[in-house]
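**Q** This is a predicted model, with the sequence first.
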Amino acid sequence: MGGSSFNIRQEESAFFCPSTGIYSSPWRSTPPPIPPLSLPEFLLSYSASSSSSSSKPAFIDAATGATLTYADLRALVAAAARSLAALGVRRGDVVLLVSPNSLHIPALVLAVLSLGAVLSTANFLYTRREIQSQVQDCNPVLILTTADLAPQLDGLLPRPLTLIERFLESLSVDRTVPIEFAGVGPADPAVLMYSSGTTGKSKGVVSSHGNLVAMASVLRHVWGREEVYACVLPLFHMYGFSVFVCGAVAAGATVVVFRRFAVEELLKAVEKHRVTRLPAVPPMVVQLAKSSGVAKGYGLGSLKEVVCSGAPLARKHMERFADGYPAIKLAQCYGLTETSGPITVCDGLEDRLQISIGRLIPTMEAKIVDVRTGKALPPNEHGELYLRGPPVMQGYLNNQEATSLAIDGEGWLHTGDMCYIDRQGLIYVVERIKEFIKYKAYQVAPAELEEVLSTHPDILDVAVTSYPDEEAGEIPTACIVRKAGSKIKEDDVLSFMENKVAPYKKIRKVLFLESIPRSPSGKILRRHLKDTVMQHQKIEISSKL
């Protein structure tokens, strides 16, 4: 396991400067200088520098056991790049990848980037309309997808779809032919992933080769080089992409790739492939916690850590996981699409169950800023988290206004997350600033109410949002998914919350839904939830007319 270089500095002044209000990383050791290379050059040149790495598995298919060694990976990238070039892909072009996880996705990604083209990804569960919107925004020259997904994507571009299965079959793979790099540098765009950012609708986040090399370099330094990862996260999302393509390949680690998350399939693979680290999102941790009895039938001795990110994880779920898996550390990390991956980790911390999101990784700086005054705050005071460092994005595609709102003139990314940093350098997320409910001028944090409601035995899933109210401005409203067979009613929910929170935080309205809208990383899609609530309001108003 990595983390041996994480020596905690007990003196607060070691990581906080009162005169500037800037927090730095508590790591004593720093990664080697970030080389001025493209991401494929950095990843493949490094793995090629070790003769022992050539035969080491880079990626293993969890379902079939098929394996790509590092030598296979380099040869496949070279062959795929030649074929993409023959299809007309050039430096600066955008290639859109729409696919579930597979063994070959990382090689296709690196092939696109080695040509100097820009990779964009889309959730393969999107509707045609959603993907069409992204196509119109980023204007790709080529769409790489699977035969299963082809019917819903056909016709989005003038040129035919490139089916991954056929493309791979057509490649002429020759290990003696070197990879040709297009000569792109750190400032050139590499990846275009979509995020709602801190405000507004989904926007294309432009991450440069330099951003991704910085992330890869730090993850290699932080998480060590002898890991076996389980990849149950989607590779089209920045969390999965940064950890399994950037960090794992940079470290020469082995990644076991899953097409989808299923508890028993994961447990079997952990036992078979001796998985050491599992990056996950909250719904996965919850399912694992509920399946701890089943897990006792598997040999999980190799699994040292589950790293959870993407959304807050309720303490009750943490404790249930800790009870069910006493030998496995449950840690959290924090990152955004805009930061090219995780910028906090819990490595080096002794607690087996970590409530904080960890400490800043090397090269990153932070501020905690008062949202009213703009003043930088000292430890233990709540404010908006600002971040600055080499992994921070270049900006939003064709949207200078949104970029300027997100990144200020000093290079600080305004995350929109209310946080505080304690005197040990540990960071805690309090709430999304824009998600606060204003009830009679009081700020109500949805996550706090969600955690309380999630303890009700009849509630399967819950999200709290605001509902317009003439007197109060907004009232806290619970959107609830009942457990199967439950007949819980609004009055039951209101009674349940009666003495559990301050009067101004009380739930004052309940809506029962079939599901809570969530992103692939597990975050509640607040905007979609708000749309549902607004639609309910229209129906309610019309029924009274």
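**A** Alright, I've got the coordinates.
**Q** pLDDT (mean, whole number) over stretch 19-32?
**A** Averaging pLDDT along stretch 19-32 gives 86.
**Q** for stretch 135-142, same thing?
**A** What stretch 135-142 shows for mean pLDDT is 97.
**Q** Do me a favour and get the end-to-end distance for that stretch?
**A** For stretch 135-142, the first and last residues are 10 Å from each other (Cα to Cα, to the nearest Å).
**Q** mind saving the C-alpha coords of the top helix by length along the chain as CSV?
**A** Assignment by DSSP state H gives helix 526-544 as the longest helix of the chain. C-alpha atoms of helix 526-544 as CSV (Å, rounded to 0.1, in the frame of the first residue of the first chain):
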residue,chain,number,x,y,z
ARG,A,526,-30.4,18.5,-7.6
ARG,A,527,-31.4,20.3,-10.7
HIS,A,528,-33.4,17.3,-12.0
LEU,A,529,-34.9,16.9,-8.5
LYS,A,530,-35.9,20.5,-8.5
ASP,A,531,-37.6,20.1,-11.9
THR,A,532,-39.6,17.2,-10.5
VAL,A,533,-40.7,19.3,-7.5
MET,A,534,-41.6,22.2,-9.7
GLN,A,535,-43.8,19.9,-11.9
HIS,A,536,-45.5,18.7,-8.7
GLN,A,537,-46.1,22.3,-7.8
LYS,A,538,-47.8,23.0,-11.1
ILE,A,539,-50.1,20.0,-10.7
GLU,A,540,-50.9,21.1,-7.2
ILE,A,541,-51.7,24.6,-8.2
SER,A,542,-53.9,23.5,-11.2
SER,A,543,-55.8,21.1,-8.9
LYS,A,544,-56.8,24.0,-6.7
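**Q** And it, how far out from the chain middle?
**A** With Cα atoms, centre = their mean, to the nearest Å as the basis, helix 526-544 stands 30 Å off its chain's centre.
**Q** name the helices or strands packed onto it?
**A** Judged by 3 or more Cβ pairs under 8 Å, 6 or more residues apart in numbering; DSSP states H and E, the packing partners of helix 526-544 are strand 459-469, strand 473-482, strand 509-512. Backbone N, C-alpha and C define where each C-beta goes, glycine included.
**Q** ok, the last one: who's next to it in the sheet?
**A** Meaning strand 509-512. Sheet pairing of strand 509-512 (DSSP bridges) gives strand 473-482 (parallel).
**Q** Specify the local secondary structure of residue 158.
**A** coil (DSSP: H, G, I helix; E, B strand; the rest coil).
**Q** ok, now which ones touch the nearest residue to residue 319 once chain neighbours are set aside?
**A** Leaving aside its sequence neighbours, residue 319 sits nearest to residue 353 (Cβ to Cβ, 6 or more residues apart in numbering; 7.1 Å). The neighbours of residue 353, taking Cβ atoms under 8 Å, 6 or more residues apart in numbering as the test, are 318-319, 321-322, 329-330.
**Q** Distance check, residue 353 against residue 164.
**A** 40 Å (Cβ to Cβ, to the nearest Å).
**Q** Spit out the contact partners of residue 242.
**A** Each residue near residue 242 by Cβ under 8 Å, 6+ apart is listed here: 212, 215-216, 219, 335, 340-342.
**Q** center of this protein, which residue is that?
**A** residue 239 (3.1 Å; Cα atoms, centre = their mean).
**Q** hang on, it in a helix?
**A** Yes: under the criterion used here (three-state DSSP), residue 239 sits inside a helix.
**Q** now do the same end-to-end measure for stretch 22-39.
**A** Using Cα to Cα, first and last residues of stretch 22-39 are 29 Å apart.
**Q** what about the stretch 301-450 of the chain, any weak spots by pLDDT?
**A** Within the stretch 301-450 of the chain, the stretches with pLDDT under 70 are 434, 441.
**Q** which residues of it fall in helices?
**A** Assigned by DSSP state H, counting those that start in this stretch, the helices in the stretch 301-450 of the chain fall at 315-324, 400-406, 446-453.
**Q** mind checking the end-to-end distance for stretch 359-375?
**A** From its first residue to its last, stretch 359-375 covers 22 Å (Cα to Cα).
**Q** and if you look at stretch 245-256?
**A** OK, stretch 245-256 end separation, Cα to Cα: 12 Å.
**Q** Centre of the chain to it, how far?
**A** 16 Å.
**Q** for stretch 111-131, same thing?
**A** Relative to the chain's own centre, stretch 111-131 is displaced by 16 Å; criterion: Cα atoms, centre = their mean.
**Q** contacting residues for the nearest residue to residue 284 once chain neighbours are set aside?
**A** Spatial nearest neighbour of residue 284, excluding adjacent residues (Cβ to Cβ, 6+ apart): residue 261 at 5.7 Å. Residues near residue 261 by Cβ under 8 Å, 6+ apart: 232, 284, 287.
**Q** Now, those that are in helices?
**A** Those of those lying in helices (DSSP H): 284, 287.
**Q** can you list the contacts of residue 261 in a markdown table and add distance to residue 143, neighbour count and pLDDT?
**A** A markdown table is the format used below for those (distance: Cβ to Cβ, whole Å; neighbours: other Cβ atoms under 10 Å; pLDDT from 0 to 100):
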| residue | distance to residue 143 | neighbour count | pLDDT |
| --- | --- | --- | --- |
| 232 | 25 | 24 | 96 |
| 284 | 29 | 20 | 90 |
| 287 | 32 | 15 | 91 |
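**Q** of all the contacts of residue 261, which comes closest to residue 417?
**A** Within the contacts of residue 261, proximity to residue 417 (Cβ to Cβ) peaks at residue 284, which comes in at 21.6 Å.
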